[in-house]
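[1] missing the sequence, but the structure's below:
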Ligand code: ADP
Ligand code: MG
């Protein structure tokens with residue numbers, strides 16, 4: 001007969017961590033979100049060997065007070081929400097209090113942080129969820145988190161990682177998606193010691209697009225700025241004439257959160273019906289702004305899936321925003337000469 005028993009804490013922790021930390025790119029996504037939530041204006045991401053060697057995310061945000069550092073590593077410990085009602089209107093990227101706990105459960109983590117009120121920074125070291133040391137150190141206000149030996153204690157997960165180059169490409173994708181969503185923050189991405197891109201952080205969405213995507217893509221964009229009551233869509237879409245053979249350049253955000261969403265994608269493409277050739281797809285960098293309580297972001301640990309209170313309303317909004325843009329008389333009619 002099967003014996004039913006509760007798993008030991010360590011095993012349960014590894015299972016929970018597996019939902020949040022799938023690969024180096026998921027670590028980077030969580031760390032960048034924390035930097036953004038901390039009010040940073042500059043974020044540097046540096047990886048070695050696709051992030052499998054090491055991941056370092058450094059910001060100039062609020063920092064963490066020394067007395068709260070160890071709490072930040074406890075599962076379900078967060079400074080972003082406090083009670084049940086708060087789940088109905090989440091205004092930060094993080095809220096689950098799971099990232100640091102999950103990362104620390106499957107890697108070696110150093111956290112160096114200093115707040116405005118501190119005279120010294122604090123260097124806090126963890127491995128496999130165990131605190132190793134905490135000591136005084138130096139750095140300007142902000143936080144640097146270094147993650148090494150990812151999955152060193154989870155060989156099953158380690159086996160499923162792809163080649164370093166592929167893992168590095170996933171990381172690159174995560175950083176560029178966040179950089180596109182936050183032109184007010186300067187993002188620098190360094191891969192094996194070489195700078196890949198650097199956004200100016202001047203608040204202009206187009207300068208972020210130029211910094212991380214191709215010139216060719218940036219040149220063929222049309223600006224979208226659409227409002228419908230409390231809902232809005234801002235950003236850029238590809239001119240119909242410049243649509244391409246793949247969907248790889250579609251970047252959607254809800255209130256600054258990067259999302260994967262079929263409704264938004266369908267609405268975008270429907271708006272190009274009859275304007276773009278069959279089998280050609282628009283690219284976009286579009287942010288939907290809407291009241292926090294009309295979108296549920298608490299759907300999946302990775303937080304890229306959302307549920308709308310009214311899906312039809314969002315389809316309609318996106319369709320009209322894009323349609324009114326691409327049918328403007330100033331839409332480029334012929335391929336621009338790029339020479
Ligand atoms: P969540 O982001 O859901 O709150 P995390 O595990 O990602 O959970 O982080 C736990 C807490 O640690 C955060 O709520 C925040 O208070 C603090 N924290 C983490 N990273 C940073 C950072 N880069 N700057 C300032 N505070 C941070
Ligand atoms: Mg977080």
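    Looks like it arrived, so ask away. Here the structure is a predicted model, which is why all the values come from computation and not from measurement. Ligands and ions are numbered 1, 2, ... in the order given.
[2] any weak-confidence spans in the stretch 201-339 of the chain?
    Applying pLDDT under 70 to the stretch 201-339 of the chain picks out residues 334-339.
[3] which residue does it have closest to ligand 1?
    At 9.1 Å from ligand 1, residue 303 is the closest residue in the stretch 201-339 of the chain, using Cβ to the nearest ligand atom. Every residue, glycine included, has its C-beta placed from N, CA and C.
[4] isn't that residue up against residue 93?
    Yes: Residue 303 is within contact range of residue 93, at 7.4 Å (criterion: Cβ atoms under 8 Å).
[5] picking up where we left off before, which non-adjacent residue is nearest the residue of the stretch 201-339 of the chain closest to ligand 1?
    Counting by Cβ to Cβ, 6 or more residues apart in numbering, residue 303 lies nearest to residue 297, which is 5.9 Å off, once chain neighbours are set aside.
[6] assumed the residue of the stretch 201-339 of the chain closest to ligand 1 was part of a helix.
    No: read with DSSP: H, G, I helix; E, B strand; the rest coil, residue 303 is coil and lies in no helix.
[7] got the residues of the stretch 1-150 of the chain near ligand 2?
    Proximity of the stretch 1-150 of the chain to ligand 2 (Cβ under 5 Å from the ion) is limited to residues 34, 94, 99.
[8] most neighbours, which of those?
    Ranked by neighbour count under the definition other Cβ atoms under 10 Å, these are headed by residue 99 with 26 neighbours.
[9] neighbouring contacts of stretch 272-281?
    Identification of contacts with stretch 272-281 by Cβ atoms under 8 Å, 6 or more residues apart in numbering yields 240, 243-247, 250, 269, 282, 322, 326-327.
[10] 6 Å instead?
    For stretch 272-281, contacts defined as Cβ atoms under 6 Å, 6 or more residues apart in numbering pick out 240, 243, 247, 282, 326.
[11] of those, closest to residue 40?
    Residue 40 lies nearest to residue 247 out of these, by Cβ to Cβ, at 30.6 Å.
[12] so what's the residue lying closest to that closest one once chain neighbours are set aside bridging to?
    Counting by Cβ to Cβ, 6+ apart, residue 281 is the residue found nearest to residue 247 once chain neighbours are left out, at 4.8 Å. With DSSP bridges as the criterion, residue 281 is bridged to residue 244.
[13] tell me the buried residues in stretch 208-217?
    Within stretch 208-217, the residues scored as buried using 16 or more other Cβ atoms under 10 Å are 208-213, 217.
[14] what's the span of it, first residue to last?
    One end of stretch 208-217 sits 12 Å from the other (Cα to Cα, to the nearest Å).
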